[in-house]
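*Asks:* Okay, sequence plus prediction incoming.
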Amino acid sequence: DAGVIQSPRHEVTEMGQEVTLRCKPISGHDYLFWYRQTMMRGLELLIYFNNNVPIDDSGMPEDRFSAKMPNASFSTLKIQPSEPRDSAVYFCASSAPRRGAQYFGPGTRLLVL
Amino acid sequence: ILNVEQSPQSLHVQEGDSTNFTCSFPSSNFYALHWYRWETAKSPEALFVMTLNGDEKKKGRISATLNTKEGYSYLYIKGSQPEDSATYLCARTNNAGNMLTFGGGTRLMVKP
């Protein structure tokens, strides 16, 4: 298996633009997680899905952030409009049910100017 | 303890030294404790998942123990090598078993 795939790996955009981050989880994993890493807050969970259904989105910072999982092999995290404080590394991870470790993708490094 | 806490925040050791660090977590509603290794500019890599009090896991020179009653886990590295330099994260899952709460990590630097 190729592991968790994220695209793009790097994104530079201007304030106010829409940003869409993409994730393909490991085949067979029922759980998908979106995390954000910043210097100030470390690694924080934004939202997670089970069988394509959002279970907990309490970590989503505000309404400018939205996430979808239309099928078992694809998820998006959208920021609209983007702001400079959204600059961070965004990780997607997937896991099999319950006890399994989470497998992280390579991350998308986002810079909003 | 309300949050997952790791100590120390950073650690410098010489090549060949053995070292250990601590993860403390709320013991109520505990389900599992995860350890991840996170190298700079890479993504976190799972090391261990432990669920039972007294669990011990080992992978090469790295091992971990778990005490769920008092809410702590130790990670040990025997004979540290420069390639062990990374941030080591622990994370706890609740009874639902899937939502991880991460500690702040211990940044290990091994000098040749």
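*Replies:* Received the coordinates, thanks. Numbering: from 1, shown residues only, chains lettered A, B, ... in the order given.
*Asks:* Chain B contacts on chain A?
*Replies:* Contacts of chain A with chain B, taken as Cβ under 8 Å from any Cβ of the partner chain, map to A:31, A:33, A:42-45, A:48, A:50, A:55-56, A:91, A:93, A:95, A:97-107. Where C-beta positions appear, they are placed from N, C-alpha and C, glycine not excepted.
*Asks:* Could you rerun that using 6 Å?
*Replies:* Proximity of chain A to chain B (Cβ under 6 Å from any Cβ of the partner chain) is limited to residues A:31, A:42, A:43, A:98, A:101, A:104, A:106, A:107.
*Asks:* Make a PyMOL selection of the buried ones in those.
*Replies:* Applied in PyMOL, the following selects the buried portion of the residues of chain A next to chain B according to 16 or more other Cβ atoms under 10 Å in any protein chain shown:
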select buried, chain A and resi 31+43+101+104+106+107
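*Asks:* which one in the residues of chain A next to chain B is the model shakiest on?
*Replies:* Scanning the residues of chain A next to chain B for pLDDT, the low point is residue A:98. It has 57.
*Asks:* can you put the residues of chain A next to chain B in a markdown table and add distance to residue B:80 and secondary structure?
*Replies:* Listed next are the residues of chain A next to chain B as a markdown table, based on distance: Cβ to Cβ, whole Å; DSSP: H, G, I helix; E, B strand; the rest coil:
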| residue | distance to residue B:80 | secondary structure |
| --- | --- | --- |
| A:31 | 33 | strand |
| A:42 | 24 | strand |
| A:43 | 24 | strand |
| A:98 | 33 | coil |
| A:101 | 23 | coil |
| A:104 | 24 | strand |
| A:106 | 26 | coil |
| A:107 | 26 | coil |
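*Asks:* okay, now the residue in chain B positioned nearest to chain A: neighbour count?
*Replies:* Using Cβ to the nearest Cβ, the closest approach of chain B to chain A is made by residue B:46 at 3.5 Å. Other residues within reach of residue B:46, judged by other Cβ atoms under 10 Å in any protein chain shown, total 17.
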